[in-house]
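Visitor: What follows is a predicted structure for the sequence shown.
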Amino acid sequence: MNLKPTQIKHAAFFVCVLVFFNCSKDDDNENNSSSCDESEISFLKKGNSWTYNIETLGTDNGEVSLTIKGCNGEGFSIDKEAKNSTFSEVLTGTDLWTETDEFILADAGINVDAKIYKKNSQLGDVWMHTQADGGVATHEVISIDSLVTVPAGTFSCVVYKYTATDIINESFVFWNDEIGQIKEDAGFFSLELAEYSTN
């Protein structure tokens, strides 16, 4: 079967969005230290929002937006919306982000307690978890003061290298402790912060 370039682009969009919408599963049980009434993380506040440009194989492929809707007593409810480059196809979903003593844990669909952000990251920090598919994922802090420029501006970031036993590529995730996630580069696709609103 021959696919047209637009079909390939749409397929790549949905692959990227599914990767973004499905965090990895962490089998460790963490003690939730906060019900999210008073987060220690400056960007983790009701009303904050981020919009990211999606690029696949060097081509613009739409955007994904996150908005913190509020606390449900267990954690922060995060609304997600993804649009392809023609803005004609939309995927929506809701995640739960919970703050613990060390991490933000994300629940997305069938995946539970993915450690997407580490508080007070130090160079060389490493943490691992088992994904829903059985692969073992590893995050390693490889930089604590990397400057990165994206459409939303230039930011000083902590950089995590993400690898997993069931994938061949590695990803690099850039976080700013005041703003949130700035960029993710997975080789064949990337997310870059286009605009944000933080309280």
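Guide: Structure received.
Visitor: This structure: helices as residue ranges?
Guide: Taking DSSP state H, the helices of the chain run over residues 5-21.
Visitor: Quick one: low-confidence residue ranges for it.
Guide: Where the chain drops to pLDDT under 70, the residues are 1-37, 109-111.
Visitor: In it, what residue spans correspond to strands?
Guide: Assigned by DSSP state E, the chain shows strands spanning 49-56, 59-71, 76-83, 90-99, 103-108, 111-118, 126-130, 136-150, 153-164, 171-176, 180-185, 189-197.
Visitor: closest to Glu40 out of those strands?
Guide: With CB to CB as the measure, strand 90-99 is the member of the strands of the chain nearest Glu40 (7.0 Å). C-betas here are computed from N, CA, C, even on glycine.
Visitor: same for that closest one, what does it pack against?
Guide: Under the contact criterion of 3 or more CB pairs under 8 Å, 6 or more residues apart in numbering; DSSP states H and E, strand 90-99 touches helix 5-21, strand 76-83, strand 103-108.
Visitor: tell me what the last one is packed against?
Guide: Just to be clear, that refers to strand 103-108. strand 90-99, strand 111-118.
Visitor: My guess is Gly124 contacts Ser143. True?
Guide: No. Proximity of Gly124 to Ser143 does not meet the contact threshold set by CB atoms under 8 Å, at 10.5 Å.
Visitor: more crowded one of these two?
Guide: Ser143 (17 against 9; other CB atoms under 10 Å).
Visitor: Give the burial count for the closest residue to Gly180 other than its chain neighbours, as a bare number.
Guide: Leaving aside its sequence neighbours, Gly180 sits nearest to Phe43 (CB to CB, 6 or more residues apart in numbering; 4.1 Å). By the criterion of other CB under 10 Å, Phe43 has 20 neighbours.
Visitor: again, but for Ile144
Guide: 16.
Visitor: wait, what's in contact with it?
Guide: By CB atoms under 8 Å, 6 or more residues apart in numbering, the contact set of Ile144 is Ser121, Gln122, Leu123, Val158, Val159.
Visitor: Give me the distance between the residue nearest to the third one when sequence neighbours are not counted and Gln122.
Guide: If you skip the residues right next to it in sequence, Leu123 has Ile144 as its closest partner in space, 5.2 Å away by CB to CB, 6+ apart. Taking CB to CB, to the nearest Å as the measure, Ile144 falls 7 Å from Gln122.
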